[in-house]
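> dropping a prediction and its sequence here:
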Amino acid sequence: MLLHKSAAEPISHLDPASATRWKARAAAVCAAMLGAVILYAVGFAPGIAHGESHDTRHTMGFVCH
């Protein structure tokens, strides 16, 4: 299987501006995925975890239902 040349190059071969943009996008994707996992886990958690997060949303002024 042949890869496109740019797909096989390490990030260190990119110019500094492109490397910075690539790292920022990767960090944003990772943060979004982690946030989604945390929200999903707490949203479906039984008992205390769900109840406390529910109370926190109301305390912060977010309407949740």
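Arrived safely.
> neighbours around I48, how many?
Here the number of neighbours of I48 (other C-beta atoms under 10 Å) works out to 8. Backbone N, C-alpha and C define where each C-beta goes, glycine included.
> which non-adjacent residue is nearest A49?
V42 (5.7 Å; C-beta to C-beta, 6 or more residues apart in numbering).
> how about that neighbour, secondary structure?
State at V42, reduced to three classes by DSSP: H, G, I helix; E, B strand; the rest coil: helix.
> got it, and F62?
Per three-state DSSP, F62 ends up coil.
> now it: phi and psi?
When read as degrees, to the nearest 10, the backbone of F62 gives phi -90, psi 130.
> which ones are touching the residue nearest to A49?
V42 sits next to A49, H50, S53 when contact means C-beta atoms under 8 Å, 6 or more residues apart in numbering.
> mind putting those residues in a markdown table, neighbour count, secondary structure and distance to W22 included?
Compiled in a markdown table, the contacts of V42 are given as follows (neighbours: other C-beta atoms under 10 Å; DSSP: H, G, I helix; E, B strand; the rest coil; distance: C-beta to C-beta, whole Å):
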| residue | neighbour count | secondary structure | distance to W22 |
| --- | --- | --- | --- |
| A49 | 13 | helix | 35 |
| H50 | 14 | helix | 37 |
| S53 | 15 | helix | 34 |
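> mind listing the helices for this structure?
Using DSSP state H, the helices found in the chain span residues 5-8, 16-43, 48-59.
> would you mind giving those helices as CSV with mean pLDDT added?
Shown next, in CSV, are those (pLDDT from 0 to 100):
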stretch, mean pLDDT
helix 5-8, 58
helix 16-43, 88
helix 48-59, 79
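> any idea how far G35 is from A26?
15 Å (C-beta to C-beta, to the nearest Å).
> correction: G47
Distance, G47 to A26, by C-beta to C-beta: 35 Å.
> do the same with A17
15 Å.
> more neighbours, the two?
Set A17 next to A26 and count neighbours by other C-beta under 10 Å: A26 wins out with 11 against 8.
> residue contacts, the more buried one?
By C-beta under 8 Å, 6+ apart, A26 lies in contact with nothing.
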